[in-house]
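Trainee: when you get a sec, could you give me coordinates for this:
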Amino acid sequence: MTKPASTRPRQRGNAMIEFGIAMAVLFPILAGTFQYGYSYFVYNNLESSVRAAARYAATRTYDSGTATPSAAFAASVRNMALYGDPAGGTVTVPAGLTPGNVTVQMTFSNGVPSRVTVAISGYQINGVFGNLTLNGKPMVSFPYVGSWDPV
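Mentor: Got it, this is the predicted structure:
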């Protein structure tokens, strides 16, 4: 007695081939979505830190007679951007941010401080699939409303 012929065609391995084709399309899409989301998350943290530092600098007493901030003023504003505290800290809020990445600029108008700008430059977002270097962004500027006490 012989076995009856199967009415189903042989489909061994079709599922693996279909999975491989689907993954070749879906993996780059998912990886790109992850990379974009992570970069956006890091940029958002940087922007929040820069905004807090600029807001702090706009209300703090400015002790320099020129547009170049004093070392103490610049250090406290950088600490605010780095650690969220003007006194400093040990762990930076945006990971990998250094004092060299934070620029503080004071603008004078009619001989008095009128605007303060805090920006990030040279910061690199290290992603899984590539790196992104930020130059001059994020940047936040506020009108200066603090007291001016040049030495």
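
Trainee: go through the chain and flag its longest strand.
Mentor: Counting by DSSP state E, the longest strand found in the chain is strand 112-126.

Trainee: just give me how far the next helix or strand after that strand sits from the chain centre.
Mentor: Proceeding N to C from strand 112-126, the next assigned helix or strand is strand 131-143, under DSSP states H and E. Here the centre of strand 131-143 is set off from its chain's centre by 9 Å, with Cα atoms, centre = their mean, to the nearest Å.

Trainee: pull up the pairing partners for strand 131-143, direction included.
Mentor: In the sheet, strand 131-143 lines up against strand 112-126 (antiparallel) (DSSP bridges).

Trainee: and the partner strand, C-alpha only, in CSV?
Mentor: The C-alpha trace of strand 112-126 is given here as CSV (Å, rounded to 0.1, in the frame of the first residue of the first chain):
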residue,chain,number,x,y,z
VAL,A,112,24.5,98.7,29.7
PRO,A,113,23.8,94.9,29.6
SER,A,114,20.6,94.3,27.6
ARG,A,115,20.6,90.7,26.5
VAL,A,116,22.2,87.4,27.6
THR,A,117,22.7,84.4,25.3
VAL,A,118,23.6,80.9,26.3
ALA,A,119,24.4,78.4,23.5
ILE,A,120,25.9,74.9,23.1
SER,A,121,28.7,74.4,20.6
GLY,A,122,30.8,71.3,19.7
TYR,A,123,28.6,68.9,21.6
GLN,A,124,28.3,65.5,20.0
ILE,A,125,25.2,63.2,20.4
ASN,A,126,26.6,59.7,20.2
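
Trainee: please compute how far that strand lies from its chain's middle.
Mentor: 12 Å.

Trainee: quick check: buried residues in stretch 53-73?
Mentor: By 16 or more other Cβ atoms under 10 Å, the buried positions in stretch 53-73 come out as 53-54, 56-58, 60, 62, 64, 69, 73. Any C-beta I mention is one placed from the backbone N, CA and C, and that applies to glycine too.
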